[in-house]
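Engineer: generate coordinates for the sequence data below:
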Amino acid sequence: MGAQKSIHAGKAKIDVNVDFTHKLCASMMFPSSRNTSSPLSLVIGSLCIKHPNLFGGSEKLDVSWDKGLYDSNILVAYRRPRPQWVSQQCFVMQHSLSPEIGVHGIPVDNFSRSGSGGVNLSRLSVGLDLNDPASSKWSSTTSIKFENVRLLSDDGRSMTRDLDGFPVTCSGNTHDSMVVLKQESQYAKANDCSFSRFTMQIEQGIPVLSKWLIFNRFKFVASKGVKLGPAFLLTSLTGGSIVGDMAPYQAFAIGGLGSVRGYGEGAVGSGRSCLVANTELTLPLSKMLEGSVFLDCGTDLGSGRLVPGNPALRQGKPGFGVGLGYGLRFKSPLGHLQVDYAINAFQQKTLYFGITNLAS
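Structural biologist: Numbering: from 1, shown residues only. Presented below is the predicted three-dimensional model:
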């Protein structure tokens with residue numbers, strides 16, 4: 001249940017989307033202890049403003065605001081026209097606020113769900129993105145940004161320690177500051193019978209000031225899809241590690257949809273390193289309906305104890321998890337519906353719903 005509207009103001013375009021559906025579903029599945037008496041708490045929506053020619057020289061300005069139940073994201077992007085054979089530049093300013101569930105969340109119901117740990121992440125970043133000219137199979141993006149990260153309680157107050165009295169920042173203050181140089185490269189190859197994709201992200205904290213974080217963090221995702229007659233087999237492997245200065249919120253969270261199904265977000269573990277493998281076989285059942293079986297597994301490679309404050313050990317996370325199950329994929333011109341039924345190593349069952357609205 002919601003509304004969509006596009007408005008043209010001169011050359012600018014404004015898209016407005018307001019949705020109540022997710023609020024109703026979430027209220028039934030995950031009752032919240034937060035105070036949601038404000039009318040705005042009932043609204044999930046987005047506002048997008050695009051201007052294709054801001055100063056008369058084909059400069060593009062994009063402003064977007066997305067609001068969820070307990071999270072929000074504001075993004076401002078400004079692009080100047082450049083020849084296609086040189087790197088495209090984009091000035092970006094972003095502020096996001098979201099519950100920090102992956103690391104500080106508390107596993108419940110045999111690790112099938114993660115409850116709030118009373119920690120919320122407020123991140124402000126300002127910087128420059130450089131998109132290199134893409135080849136036939138390779139593409140890369142380089143960015144350098146200043147980031148300020150602040151941890152907030154559920155009532156919006158700055159915090160330096162979690163509910164158990166352990167620091168939530170690396171500096172020990174109410175915020176962490178850093179300048180991050182990030183390089184992301186992607187390789188993709190596809191044909192009628194298969195596809196391959198590999199993505200590598202490397203982040204380096206630059207020591208501009210002595211109190212700012214110095215670290216190196218990398219993450220990779222390798223995936224392969226193959227047609228097996230009418231069926232389609234998809235496998236993927238995700239891994240990463242971080243060395244140097246580290247705050248708990250920088251840990252790799254393992255578990256949840258998109259990681260190890262059958263577990264709550266971060267309920268498998270949170271460590272300095274991680275390795276997650278996913279396999280899914282999809283079979284067509286009709287023209288618009290597909291069935292699938294899947295197997296997910298993930299581990300923190302024993303690195304949970306190396307995260308400052310050791311939040312994974314304090315919350316009893318196992319550090320390794322396996323989830324398996326089956327699902328349905330319904331595709332129609334109006335949208336895609338995905339339902340997954342998963343069971344974890346503790347015999348706890350979880351049902352996942354996903355809706356993608358394709359109607360414009």
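Engineer: contacts only, for S114.
Structural biologist: When contacts are counted by Cβ atoms under 8 Å, 6 or more residues apart in numbering, S114 is found next to I101, G102, G105, I106, P107, V108, G255, G256, G264, E265, G266, A267. C-betas here are computed from N, CA, C, even on glycine.
Engineer: typo on my end, I254
Structural biologist: When the contact criterion is Cβ under 8 Å, 6+ apart, the partners of I254 are 260, 263, 266, 268-271, 274, 276, 298-300, 321.
Engineer: let me see the ranges of the helices in the stretch 101-250 of the chain.
Structural biologist: Taking DSSP state H, counting those that start in this stretch as the test, the helices found in the stretch 101-250 of the chain are 101-104.
Engineer: now, which of the contacts of S114 sits nearest W85?
Structural biologist: G102 (40.3 Å; Cβ to Cβ).
Engineer: that closest one is in contact with A253, isn't it?
Structural biologist: Yes - at 2.8 Å, G102 and A253 qualify as touching, with contact defined as Cβ atoms under 8 Å.
Engineer: so what sits against both of the two?
Structural biologist: Jointly contacting G102 and A253 under the rule Cβ under 8 Å, 6+ apart are E265, G266, S270.
Engineer: closest to E203 among the residues you listed?
Structural biologist: Distance to E203, by Cβ to Cβ, is smallest for S270 among the shared contacts of G102 and A253, at 17.5 Å.
Engineer: which regions of the chain sit below the pLDDT cut-off?
Structural biologist: Under the criterion of pLDDT under 70, the regions of the chain flagged as low confidence span 1-42, 357-360.
Engineer: K137 versus the residue most central in space within it, what's the distance?
Structural biologist: In the chain, the residue lying closest to the centroid (Cα atoms, centre = their mean) is G258, at 9.1 Å. As defined by Cβ to Cβ, to the nearest Å, G258 lies at a distance of 25 Å from K137.
Engineer: how about the strands in the stretch 51-200 of the chain?
Structural biologist: Counting by DSSP state E, counting those that start in this stretch, the stretch 51-200 of the chain has strands at residues 60-67, 72-79, 88-99, 106-108, 113-115, 120-131, 138-152, 175-190, 194-206.
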